[in-house]
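Asker: any chance you could fold what I've pasted below:
(chains A, B, C, D, E and F)
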Protein chains: 6
Amino acid sequence: MNSDYEKGIKILKEMTDNEGMEGIEHVKSIFPDFEDKIVAFGYGQIYSRPNLDLKMREVVTLTTLITQGAFEQLNFHMKAALKVGLTREEILEIILQCAAYAGFPKACSALAIAGDIFKNSEI
Amino acid sequence: MNSDYEKGIKILKEMTDNEGMEGIEHVKSIFPDFEDKIVAFGYGQIYSRPNLDLKMREVVTLTTLITQGAFEQLNFHMKAALKVGLTREEILEIILQCAAYAGFPKACSALAIAGDIFKNSEI
Amino acid sequence: MNSDYEKGIKILKEMTDNEGMEGIEHVKSIFPDFEDKIVAFGYGQIYSRPNLDLKMREVVTLTTLITQGAFEQLNFHMKAALKVGLTREEILEIILQCAAYAGFPKACSALAIAGDIFKNSEI
Amino acid sequence: MNSDYEKGIKILKEMTDNEGMEGIEHVKSIFPDFEDKIVAFGYGQIYSRPNLDLKMREVVTLTTLITQGAFEQLNFHMKAALKVGLTREEILEIILQCAAYAGFPKACSALAIAGDIFKNSEI
Amino acid sequence: MNSDYEKGIKILKEMTDNEGMEGIEHVKSIFPDFEDKIVAFGYGQIYSRPNLDLKMREVVTLTTLITQGAFEQLNFHMKAALKVGLTREEILEIILQCAAYAGFPKACSALAIAGDIFKNSEI
Amino acid sequence: MNSDYEKGIKILKEMTDNEGMEGIEHVKSIFPDFEDKIVAFGYGQIYSRPNLDLKMREVVTLTTLITQGAFEQLNFHMKAALKVGLTREEILEIILQCAAYAGFPKACSALAIAGDIFKNSEI
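Answerer: Predicted coordinates:
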């Protein structure tokens, strides 16, 4: 039994929905070992650690994604952020603070994604 | 009266110490308008906003600095993070999570800076 | 009266067209405070400053956008660059110089965007 | 006779297919001097050098593209990598190693592109 | 027994020297869990995988470090690259190819580090 | 006769001083082919082109260096910028505009370098 993998799946289910889990499945279909690292290392060994709760971890994740311009992952993690308890207002504040620290262009791109998610989300 | 500037100075004094304020003064000696933007815009208009407290804002700041490799600003903000209430354990967790999201090299450089600060800090 | 905001709107109207102003309106519909910062800080406090004219400022803007791979903002600013007086030849030169400084991949992506704009623009 | 340009075209034909050559032609239609630099400098003066064979050079290229998030160029170079002899397994390993060094988000985006190429490629 | 950690230490000893191992020890003294991830995940789970040998893996590592400007890690990995069999000529070629792909500035900084290492190294 | 190389040396002499030329010589001592590319390609084929004068080219260069955090090259190019006719006020404006576009941290690091150069420069 790979307990890190199982811990990772458990955390993932707290953080994402069916659509998110299908994204993970898609990774698995291309390269199973990569999916194993995402789940067992990323979620099982990192997200599951103490000292930062999932809400705080999503503050870290949203900030690093915006800063590096990794917009393709923002949809997944903005929804996850809402699911683990960040409010829309908090997400918008993170984006605004990133404007000052990583520049307005990246913040603008992130804001457009947030706008789409908020329009279609019930949370 | 430039109230944004005054608000910024007030926030800065909550976040940093004399050494930090001298860094701001040094910026002013090179380009006063730049210092004005840092204080009035950065601290007066962004850090002073509601919805994220200073502790949460330093989570954002540390994460974006590590992600973009802005290590020269990490000394100031790791100390500020400790001052506004982040624990050493939380700072180390942020660094570890950044390893997964922004790569181990940047996290290693950040960790070395944290090590130096923790050795010389009383908090 | 927020004179920075008004100054920003005035500068924006010199730089962009109706489509560009609608982009700003879209930002406002998602997060009004963010739009305020773009207009009052970005355009009202930065673009409106002396020492660099709008043409020179667009050289800075195009270069930083290409360097950081912020291609979503290039459409707006390539059009703005043409409107404030940069020629097509100058824009192409900026892209080529960025190839040497920021790598050919980012320059190639920027060039494709320039090609589309030039084909559809009358300037 | 511009021998660097001719050397570049020769190398390009070893590395890419008709679709790839059309991409180069498209660049030429926008800015001929830029295409000249890509072919004569990039391929004629860099790729044609000794000490690293084309396979090893594509390891460098894929890694730098993933690290800088230059995903628009990945389609061309993943196909080129397969053509000059990298296996699918090697490409996937490069992506996984980039996850550790440049962060999982960029590796995930690269993996999705690899998945599409592998599905449609005969190599 | 944490076999990933042990595998990692074994690989590390193939790749680096006493000075390199002391760097790892220094990380451990600041944050033991971080050192565990470097050794068990980075070296035990990634570097130890099949499909790319250590020489090829160092091509990936040098390229990603140069591209992201992670110069603090270049000393360790340029020495490791020499130790696992890359020649000086190959390392210089990687740097030159990165000039075209990630820009001359980063390549120049990397070249200065290579120059220092080559002057002081017997390999 | 390599006329691109000669053109590059000629341009370099317009842009830099003895100290700058020694930096180029240092590159040559490590990897002569790299120095050839810097001089013949970078200066001979790019800087020497029409459509942007040297002053405008240094606006591009300073902006891309600040945006990518290539601070090691800023000393050379801030001095070159002054030599080809940019004023201190224009350089400071570029830095401030980069704060909005690439984030305050990179602009702060650039400003500290400008401060040192201005203190020690007669221009």
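
Asker: show me the shaky parts of chain A.
Answerer: Within chain A, the ranges that satisfy pLDDT under 70 run A:1-2, A:123.

Asker: pull the residues that contact the longest helix seen in it.
Answerer: Determined from DSSP state H, the single longest helix within chain A is helix A:104-120. Taking contacts as CB atoms under 8 Å, 6 or more residues apart in numbering or on different chains, the residues outside helix A:104-120 that touch it are A:62, A:65-67, A:69, A:71, A:74-75, A:78-79, A:82, A:88, A:91-92, A:95-96, A:98-99, C:26-27, C:29-31, C:34, C:37-38, C:42, C:64-65, C:68, C:70, C:72-73, F:100-101. Where you see a C-beta, it was placed from the backbone N, CA and C, and this is true even at glycine.

Asker: quick one: it to chain centroid distance?
Answerer: A distance of 14 Å separates the C-alpha centroid of helix A:104-120 from that of its chain, computed with CA atoms, centre = their mean, to the nearest Å.

Asker: check which residues of it are buried.
Answerer: Using 16 or more other CB atoms under 10 Å in any protein chain shown as the test for burial, helix A:104-120 gives A:104-115, A:117-118.

Asker: contacts only, for the residue nearest to the spatial centre of chain A.
Answerer: When chain A is reduced to its mean C-alpha position, the nearest residue by CA atoms, centre = their mean turns out to be A:His77, at 2.5 Å. Residues near A:His77 by CB under 8 Å, 6+ apart: A:58, A:61-62, A:65.

Asker: can you add secondary structure and give these back as CSV?
Answerer: Conversion of those to CSV gives the following (DSSP: H, G, I helix; E, B strand; the rest coil):
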residue, secondary structure
A:Glu58, helix
A:Thr61, helix
A:Leu62, helix
A:Leu65, helix
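
Asker: returning to that earlier point: take the contacts of helix A:104-120 and keep only those in helices.
Answerer: Using DSSP H, the contacts of helix A:104-120 in helices are A:62, A:65-67, A:74-75, A:78-79, A:82, A:88, A:91-92, A:95-96, A:98-99, C:26-27, C:29-30, C:34, C:64-65, F:100-101.

Asker: doesn't A:Met78 make contact with A:Gly20?
Answerer: No: taking CB atoms under 8 Å as the contact criterion, A:Gly20 and A:Met78 are not neighbours in contact, 11.3 Å apart.

Asker: how far away is A:Ala40 from E:Glu19?
Answerer: Spatial separation of A:Ala40 from E:Glu19 under the definition CB to CB, to the nearest Å is 32 Å.

Asker: now A:Tyr101
Answerer: Relative to E:Glu19, A:Tyr101 is positioned 35 Å away (criterion: CB to CB).

Asker: pop the domain breakdown of chain A in here.
Answerer: Domain segmentation of chain A under automatic domain parsing yields A:1-49, A:53-123.

Asker: quick one: contacts for A:Leu65?
Answerer: Under the criterion of CB under 8 Å, 6+ apart, the neighbours of A:Leu65 are A:71, A:73-74, A:77, A:110, B:101, D:105.

Asker: pick the one among these closest to chain C.
Answerer: Top of the list for closeness to chain C, among the contacts of A:Leu65 and by CB to the nearest CB, is A:Phe71 at 8.3 Å.

Asker: pull the number of nearby residues for that closest one.
Answerer: For A:Phe71, the neighbour count with other CB atoms under 10 Å in any protein chain shown is 18.

Asker: swap in A:Gly103?
Answerer: A:Gly103: 29 surrounding residues under other CB under 10 Å.

Asker: ok, it touching F:Ala100?
Answerer: Yes: under the contact definition of CB under 8 Å, A:Gly103 touches F:Ala100, with a separation of 7.0 Å.

Asker: how far away is A:Lys13 from chain C?
Answerer: When distance is defined by CB to the nearest CB, to the nearest Å, A:Lys13 is 30 Å away from chain C.

Asker: what sits against that residue?
Answerer: By CB under 8 Å, 6+ apart, the residues touching A:Lys13 are A:Met21.

Asker: give me the element it is part of.
Answerer: Of the helices and strands defined by DSSP states H and E, A:Lys13 is found in helix A:3-15.

Asker: buried set for that helix?
Answerer: Of all the residues in helix A:3-15, those buried under the rule 16+ other CB under 10 Å are A:4-5, A:7-8, A:11-12, A:15.

Asker: same deal with stretch A:88-104?
Answerer: Of the residues in stretch A:88-104, A:88, A:90-104 count as buried by neighbour count, 16+ other CB under 10 Å.

Asker: what residues does chain A have near chain C?
Answerer: Taking CB under 8 Å from any CB of the partner chain as the criterion, the neighbours of chain C within chain A are A:69, A:92, A:95-96, A:99, A:103-109, A:111-112, A:114-115, A:118.

Asker: what does chain A have sitting close to chain B?
Answerer: Within chain A, the positions adjacent to chain B are A:41-42, A:46-47, A:49, A:51-52, A:56-57, A:59-61, A:63-68, A:87, A:89-90, A:92-94, A:96-98, A:100-102 by CB under 8 Å from any CB.

Asker: excluding its backbone neighbours, what's nearest whatever residue of chain A ends up closest to chain E?
Answerer: For chain A, the residue closest to chain E is A:Phe41, as judged by CB to the nearest CB, at 5.8 Å. By the measure of CB to CB, 6 or more residues apart in numbering or on different chains, the closest residue to A:Phe41 outside its immediate chain neighbours is E:Phe41, 5.8 Å from it.

Asker: swap in A:Leu74?
Answerer: Nearest in space to A:Leu74, with sequence neighbours left out and distances taken as CB to CB, 6+ apart, is A:Ile113 at 4.8 Å.

Asker: quick one: the one you found from D:Ile113, how far?
Answerer: As judged by CB to CB, A:Ile113 and D:Ile113 stand 20 Å apart.

Asker: also A:Lys55?
Answerer: Distance of A:Lys55 to D:Ile113, given as CB to CB: 32 Å.

Asker: do A:Gly103 as well
Answerer: Counting by CB to CB, the gap from A:Gly103 to D:Ile113 is 26 Å.

Asker: near chain E, which residues of chain A? Just list them.
Answerer: Taking CB under 8 Å from any CB as the measure of proximity, chain A contacts chain E at A:33, A:37, A:41, A:45, A:49.

Asker: can you add distance to B:Glu122 and neighbour count and give these back as TSV?
Answerer: As requested, these are arranged in TSV below (distance: CB to CB, whole Å; neighbours: other CB atoms under 10 Å in any protein chain shown):
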residue	distance to B:Glu122	neighbour count
A:Asp33	46	12
A:Lys37	39	24
A:Phe41	35	23
A:Gln45	32	22
A:Arg49	26	13
